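> Here is a sequence with its predicted model. Questions after.
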Amino acid sequence: SQTIHQWPATLVQPVGSPLSLECTVEGTSNPNLYWYRQAAGRGLQLLFYSVGIGQISSEVPQNLSASRPQDRQFILSSKKLLLSDSGFYLCAWSASYGYTFGSGTRLTVV
Amino acid sequence: QQQVKQSPQSLIVQKGGISIINCAYENTAFDYFPWYQQFPGKGPALLIAIRPDVSEKKEGRFTISFNKSAKQFSLHIMDSQPGDSATYFCAASMQTGANNLFFGTGTRLTVIP
């Protein structure tokens, strides 16, 4: 069966520090991969999606970037975090219909 | 623009009551309508989904009602329980493209004992 792993679960980072969040999927090949951000009590904002290795589409211009170095690995990065980058970050995968989400990373920028 | 409109933003229901969340869409290319349930600190999980060739789908206490002509669909939670307290997202999907699932803005449901 397919599983999605996301880590770390929580992260507290100072303003101006770099960020790297990792997501991996098991049990499937060539999935579509997604990064979402969710502000407290708010909806799901799509940040990036990828249909294959090295292929990244950005939905919202911002201080973040994404990379897909391997078929089942998706990384969210920042060179310098801002206070406004705080939030709940979710990775998801899809083969056709419907998305399966990871357990999320709670990022607090202080 | 918001492809899927969801209401209400928050909902408080007594234990044993019926919770109803409504969604509407415009794009007739959508052909798959899932609902996701999200508990605090967790990722959304697929709860129930429907395709437009049926008007209703029921799984336990959860029912999706679908009105294709009105382009509306709703989630009904019968005999609501405190354990149902969560945020619910409706969504609509089309077959083509990778960025093909569009979420509503979410409804925070609180079921009080």
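Now that the structure is in, tell me what you want to look at. Remember, it's a predicted structure, so these values are computed and weren't measured experimentally.

> From here on, just use CA atoms for contacts and neighbour counts.
OK.

> Distance of the spatially most central residue of chain A relative to A:I75?
Here the mean C-alpha position of chain A is nearest to the C-alpha of A:W35 (CA atoms, centre = their mean), at a distance of 3.4 Å. As for A:W35, its distance to A:I75 is 9 Å (criterion: CA to CA, to the nearest Å).

> partners of the residue nearest to the centre of chain A in the sheet?
A:F48, A:C91 (DSSP bridges).

> Kindly tell me how buried residue 54 is, as a neighbour count.
As the question left the chain open, I've gone with chain A. With neighbours defined by other CA atoms under 10 Å in any protein chain shown, the count for A:G54 comes to 14.

> let's do chain B instead
Taking other CA under 10 Å as the criterion, the count of residues near B:V54 is 12.

> close enough to count as contact, it and B:F66?
Yes. Because the distance of 7.3 Å satisfies CA atoms under 8 Å, B:V54 is recorded as touching B:F66.

> pLDDT-wise, which helix or strand of chain B ranks last?
The weakest-scoring helix or strand in chain B, judged by mean pLDDT, DSSP states H and E, is strand B:101-103 (a mean of 90).

> what packs against that one?
Using 3 or more CA pairs under 8 Å, 6 or more residues apart in numbering or on different chains; DSSP states H and E as the contact test, the elements touching strand B:101-103 are strand B:86-93.

> The strand it packs on near chain A anywhere?
Yes. Strand B:86-93 comes into contact with chain A when judged by CA under 8 Å from any CA of the partner chain, the residues involved being B:S93.

> Tell me how far that strand lies from the chain's centre.
4 Å (CA atoms, centre = their mean, to the nearest Å).

> ok, now stretch B:50-69?
With CA atoms, centre = their mean, you get 10 Å for stretch B:50-69.

> Just the buried residues of that stretch, please?
Of the residues in stretch B:50-69, those buried under the neighbour-count criterion (16 or more other CA atoms under 10 Å in any protein chain shown) are B:50-51, B:56-57, B:62-66.

> How about stretch A:83-91?
Counting neighbours by 16+ other CA under 10 Å, one finds that the buried residues in stretch A:83-91 are A:85-91.

> follow-up on the earlier one: strand partners of the least confident helix or strand of chain B, parallel vs antiparallel please.
According to DSSP bridges, strand B:101-103 has these partners: strand B:86-93 (antiparallel).

> measure B:P52 to B:I21 for me?
Here B:P52 is placed at a distance of 18 Å from B:I21 (CA to CA).
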